[in-house]
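Asker: Pasting the sequence and the predicted coordinates here, then a few questions.
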Amino acid sequence: MAQGNCHPQPGDLIEIDRPCYQHWALYLGDGYVLNVTPVDEGAPSLSVSTLSIFTRKAKVKKQLLKEVVGDHKWCVNNKYDSSHTPFAVKDIIQQAERWIDREVTYDVLGNNCEHFVTRLRYGKAISHQV
């Protein structure tokens, strides 16, 4: 696993560099992240953004960071901390855990994986990659 910052803290945003896009997850601790994955259980989580554009539905999953990242580069990127105040870590994690295994709508422009995790960290859905 290629990595930028190898010491994420609970509540951190994880940016995963994939070909043509960035996938985002929220670090929960103990090696686990929360991220949106395709509803189709047979589809690999590494293709979440491209597949979900077409399925328009995703599932929120708790997975090991190393499984979500695969061999892609990743880093902690709390890039909006300078303009938005993050919630307390305990509140971020509590809110995140309520979403595990729930189905959500997915829209690459208005409700993508970055929107999802920034809403958990800051209370506001933000994504500048679209």
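Answerer: Happy to help now that I have it. Residues are numbered from 1 along each chain as shown.
Asker: Please count neighbours and contacts with C-alpha atoms only from this point.
Answerer: OK.
Asker: how close does the residue most central in space within the chain sit to Cys6?
Answerer: Centroid-nearest residue in the chain, with C-alpha atoms, centre = their mean: Ala25, separated by 2.0 Å. For Ala25, the distance to Cys6 (C-alpha to C-alpha, to the nearest Å) stands at 15 Å.
Asker: and if you look at Tyr21?
Answerer: From Tyr21 to Cys6 the distance is 21 Å (C-alpha to C-alpha).
Asker: Pro38 contacts Lys57, correct?
Answerer: Yes: counting by C-alpha atoms under 8 Å, Lys57 is a contact partner of Pro38 at 6.8 Å.
Asker: For the two, indicate the residue with more neighbours.
Answerer: Neighbour comparison, Pro38 and Lys57: the larger count goes to Pro38, with 28 against 18 (by other C-alpha atoms under 10 Å).
Asker: Secondary structure element for the residue lying closest to that one once chain neighbours are set aside, which one?
Answerer: What sits nearest to Pro38 in space, not counting adjacent residues and going by C-alpha to C-alpha, 6 or more residues apart in numbering, is Ala58, at 4.6 Å. Taking DSSP states H and E as the criterion, Ala58 maps to strand 57-64.
Asker: do the same with Val104
Answerer: Under the criterion of DSSP H and E, Val104 resides in strand 103-105.
Asker: Show me how far that strand is from its chain's centre.
Answerer: Centroid displacement of strand 103-105 relative to its chain, using C-alpha atoms, centre = their mean, to the nearest Å, is 14 Å.
Asker: list the contacts for Leu26?
Answerer: 10-14, 33-35, 117 (C-alpha atoms under 8 Å, 6 or more residues apart in numbering).
Asker: which one of these is nearest Ala125?
Answerer: Val117 (7.7 Å; C-alpha to C-alpha).
Asker: Assign a three-state SS to that closest one, would you?
Answerer: helix (DSSP: H, G, I helix; E, B strand; the rest coil).
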